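In: Requesting a structural model of the entry that follows:
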Amino acid sequence: MRRRDLLTGAGGAAAGALGLFAADRAAAAPESAHLPFYGGYASGVRPDLSAPHAASGAVVWSGQTTTRRVALTFDDGPMPDWTPRVLEALARHDVPATFFVKGINVRRHGAIHRESVGRHEIGNHTWDHPDLARLDHAACTDQLKRTTAEIEDAYGVHPTLFRPPYGHLAGSSLLAAAEQRLTTVLWSAQMRENLYVQHPEGITGYIRSVVRPGSVVLAHDTGPADRLVTVDHLDAIITGLKADGYELTTVSALCGLTGSTAHG
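Out: Numbering: from 1, shown residues only. Purely as a prediction, here's the structure:
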């Protein structure tokens, strides 16, 4: 049995044992009700009332720099529809990026990123993209651990970055990330593809207008059809940023963080 299967089973059992009470409360609670306190969404207290295994954690939105450096980030892959196109565009321009991957997609399509290790950065984007602000500590822990194990098995590296789906966070998910020594990464600029479906070439000018030194830019390498606006114009976006004097780098390099480490 593979290590990731052991962790999946153990994590699932832990989530069921520790999170059952909070999860039942959550399912029954109307939107206006107070949410569970112990082990719930906003609390850093574990469901069994034990002390947290971390005292603090880091959250970053951008790099603190006046140098023209920027990090492109891509969420939700890897997927065979768009991820190869993104990788090809990055290769044409010889620039790195940070990919926040879903564990379930790594299991299904992990080979897509086989050549990314050492060139690009791989971060944790949970197992199957739930809203972590609506999950208790045990379920958040399971989502992150399963994905980390899948990344380690597929690529031989241990991720150090985590991005919450939808950018939603609560005390339980922040604690789960901190306990696993994951830096939580949000963003300071994002592709607004829905605004440029009718004139997709406008996405390039938009990104060039909102990027600043240190920007972490949110994009996706799978999803609804409107997101193809970014994929189709990624060459132009990179060319435009370079023309504006920007160096494209990874989140870890931009923010002075420790990147993915070898796992063995």
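
In: now the end-to-end length of stretch 71-83.
Out: 17 Å (Cα to Cα, to the nearest Å).

In: Can you point out the buried residues in that stretch?
Out: By 16 or more other Cβ atoms under 10 Å, the buried positions in stretch 71-83 come out as 71-79, 82-83. Bear in mind the C-beta positions are built from the backbone N, C-alpha and C, glycine included.

In: farthest pair in those residues?
Out: A71 and M79 (21.0 Å; Cβ to Cβ).

In: what element comes up after the helix or strand of the chain with the lowest mean pLDDT heading to the C-terminus?
Out: Within the chain, no helix or strand scores below helix 3-28, which has a mean of 42 by mean pLDDT, DSSP states H and E. Counting by DSSP states H and E, the element after helix 3-28 in chain order, helix or strand, is strand 59-60.

In: by contact count, what packs against that next one?
Out: strand 183-185 (3 or more Cβ pairs under 8 Å, 6 or more residues apart in numbering; DSSP states H and E).

In: Can you tell me, leaving aside adjacent residues, what's nearest to the most centrally placed residue in the chain?
Out: What sits nearest the mean C-alpha location of the chain, by Cα atoms, centre = their mean, is R163, with 3.0 Å. If the residues on either side of it in the chain are set aside, R163 comes closest to F100, at 4.2 Å by Cβ to Cβ, 6 or more residues apart in numbering.

In: Identify the residues contacting the one you found.
Out: F100 makes contact with 73-76, 123-125, 161-163, 185 under the criterion Cβ atoms under 8 Å, 6 or more residues apart in numbering.

In: Let me know the secondary structure of it.
Out: Per DSSP: H, G, I helix; E, B strand; the rest coil, the local secondary structure of F100 is strand.

In: now it: how far from D221?
Out: 10 Å (Cβ to Cβ, to the nearest Å).

In: anything in contact with each of the two?
Out: 74-76.

In: Let's see which of these end up in helices.
Out: Judged by DSSP state H, helices contain none of the shared contacts of F100 and D221.

In: separation between the residue nearest to the centre of the chain and N124?
Out: 7 Å.

In: What of P213?
Out: 26 Å.

In: In terms of packing, which of the two has more residues around it?
Out: Per other Cβ atoms under 10 Å, whichever of P213 and N124 has more neighbours is N124, with 30 against 16.

In: tell me the contacts of that one?
Out: So N124 contacts 100-101, 103, 144, 147-148, 151, 159, 161-163, 182 (Cβ under 8 Å, 6+ apart).

In: excluding its backbone neighbours, what's nearest S62?
Out: S188 (3.9 Å).

In: Would you mind pulling up the elements that the helix or strand containing V106 packs against?
Out: Assigned by DSSP H and E, V106 belongs to helix 103-109. Here helix 103-109 touches helix 137-155, going by 3+ Cβ pairs under 8 Å, 6+ apart.

In: what's the following helix or strand after the helix it packs on?
Out: Going down the chain from helix 137-155, the next helix or strand is strand 157-158, by DSSP H and E.

In: What mean pLDDT does that following strand get?
Out: In this model, strand 157-158 carries a mean pLDDT of 97.

In: what about the top strand by length along the chain, distance to the chain center?
Out: The longest strand of the chain (DSSP state E) is strand 69-75. Centroid separation for strand 69-75 versus its chain: 11 Å, with Cα atoms, centre = their mean, to the nearest Å.

In: what's in contact with it?
Out: By Cβ under 8 Å, 6+ apart, strand 69-75 touches 63, 83, 86, 95, 97-100, 123, 125, 163, 185, 187, 211, 213-221, 238, 241, 246-251, 253-255.

In: Good, wrapping up.
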